[in-house]
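Peer 1: Next one to model:
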Amino acid sequence: QVQLVESGGGLVQAGGSLRLSCAASGTIFRINAMGWYRQAPGKQRELVARITSGSSANYADSVKGRFTVSRDNAKNTVYMQMNSLNPEDTAVYYCNADVTSYSGGYYSKDYWGQGTQVTVSS
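Peer 2: You can find the predicted model right below:
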């Protein structure tokens, strides 16, 4: 099993910044893509940013130029620096990781963190 633990959420004023972190632990052979999703009240969960094992990143149009995703493969950790936050960024942010593990054979599975609340006040 693999656990994802997020940190860094909170309350910030519009125009401010936050940095989210997500550390993976457990039966890990290799972490493939990692990413951040968010879900605002009454809305569907949406992809915010995703980064491959080779550090190729893609972003939702709404956050391009404001958010930066990065990862530290040695620490099995993904980060997201969020700048110029606005109230529309208010949501629960979830970490996601595609992990390959070994238990009598290799297998890949998708894991989710518990979510961290980001609230941006106007």
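Peer 1: contacts, neighbours, all on C-alpha from now
Peer 2: Fine.
Peer 1: Pick out the residue nearest the middle of the protein.
Peer 2: Geometric centre of the chain, nearest residue: W36, 2.7 Å, by C-alpha atoms, centre = their mean.
Peer 1: quick one: the residue of the chain most remote from its centre from V63, how far?
Peer 2: Residue farthest from the centre of the chain, counting by C-alpha atoms, centre = their mean, is G104 at 29.4 Å. In this view, G104 and V63 are 41 Å apart by C-alpha to C-alpha, to the nearest Å.
Peer 1: what's the answer for Q44, then?
Peer 2: Q44 is 17 Å from V63, by C-alpha to C-alpha.
Peer 1: Same drill for these two, tell me which one is more crowded.
Peer 2: In terms of neighbours (other C-alpha atoms under 10 Å), V63 is the more surrounded of Q44 and V63; the figures are 16 against 9.
Peer 1: returning to what we had before: pLDDT value on the residue farthest from the centre of the chain, please?
Peer 2: pLDDT, G104: 91.
Peer 1: which SS state does it fall under?
Peer 2: coil (DSSP: H, G, I helix; E, B strand; the rest coil).
Peer 1: shift numbering so it begins at 451
Peer 2: Done: numbering now begins at 451, and the last item shifts to G554.
Peer 1: What backbone torsions are found at it?
Peer 2: phi 80, psi -10 (degrees, to the nearest 10).
Peer 1: wait, what's in contact with it?
Peer 2: Listed by C-alpha atoms under 8 Å, 6 or more residues apart in numbering, G554 has no contact partners.
Peer 1: just the helices in the protein please.
Peer 2: In the chain, no helices are defined using DSSP state H.
Peer 1: mind listing the strands for it?
Peer 2: Assigned by DSSP state E, the strands in the chain fall at 452-457, 460-463, 468-476, 480-489, 496-501, 507-509, 517-522, 527-532, 541-552, 556-562, 566-571.
Peer 1: Strand partners (parallel or antiparallel) of the first one?
Peer 2: According to DSSP bridges, the neighbouring strands of strand 452-457, each with its direction, are strand 468-476 (antiparallel).
Peer 1: Now the partner strand: buried residues?
Peer 2: Judged by neighbour count (16 or more other C-alpha atoms under 10 Å), strand 468-476 contains these buried residues: L468, R469, L470, S471, C472, A473, A474.
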